[in-house]
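Student: next input, structure requested:
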Amino acid sequence: MSKVIFANLVRFFFLIIIQVFLLKNVGYYNLATPFLYILFILLLPFNTPNLLLFALSFLAGLTVDVFYDTPGVNAAACTVLALVRIIFIDVTVHRDGFDNEPEPRLGIMGFRWFLFYAIVATLFHHITLFLLETFHFAEIQYTLVRVVLSSLLTILLILIAEFIFYKKKLR
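Tutor: Below you'll find the model as predicted:
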């Protein structure tokens, strides 16, 4: 159990450092901004208690908010992401018979499931993030373009990160 906690702690710090010091300065004319740190929330083990999941999600978002000078926007988006994760896993995992799996990784759950999971979670996170950031519907087209392009870039980086650390499930 302590090995799982240590691995997730290292993942948290690694992804936050990459997000804050590398990806903060990466973007395409403020239209596509990657948010790779949400991979920490996506890869938490299935048996993580919901209260702990919400606390860790809020903490991850709040940590990014401190460095991005955004007052609680990332924390709110990560909390929504935690809720979407809980609902998505309840709907898909128990129905598909993945009850014995430890965590939602690409090598364990398969490419199709993981891609759909990453798309749904990223879209909900980015919609919440960018709508709270603009906080009005006057620029809804610009906001939707930012959601789509940032989601594509984030999903691409999530898949690259998962393929780098890909471990095939032992049958």
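Student: which residue ranges form the helices in this protein?
Tutor: Along the chain, counting by DSSP state H, helices occupy 2-21, 38-42, 50-68, 73-96, 106-109, 111-134, 140-164.
Student: contacting residues around the second one?
Tutor: So that's helix 38-42. Under the contact criterion Cβ atoms under 8 Å, 6 or more residues apart in numbering, helix 38-42 has outside partners 8, 11-12, 15-16, 53, 56-57, 60, 78, 81-82, 85, 104, 117-118, 121-122, 125, 154, 158, 161. All C-beta atoms are positioned from the backbone trio N, CA, C, and that covers glycine.
Student: hmm, 6 Å instead?
Tutor: Helix 38-42 is contacted from outside by 11-12, 15, 57, 60, 81, 121, 125, 158, using Cβ atoms under 6 Å, 6 or more residues apart in numbering.
Student: now this protein, which segments are flagged as low pLDDT?
Tutor: Low-confidence segments of the chain (pLDDT under 70): 1, 27, 94-101, 167-171.
Student: can you tell me the centre-most residue of it?
Tutor: For the chain, the residue sitting closest to the mean C-alpha position, by Cα atoms, centre = their mean, is residue 38 at 2.5 Å.
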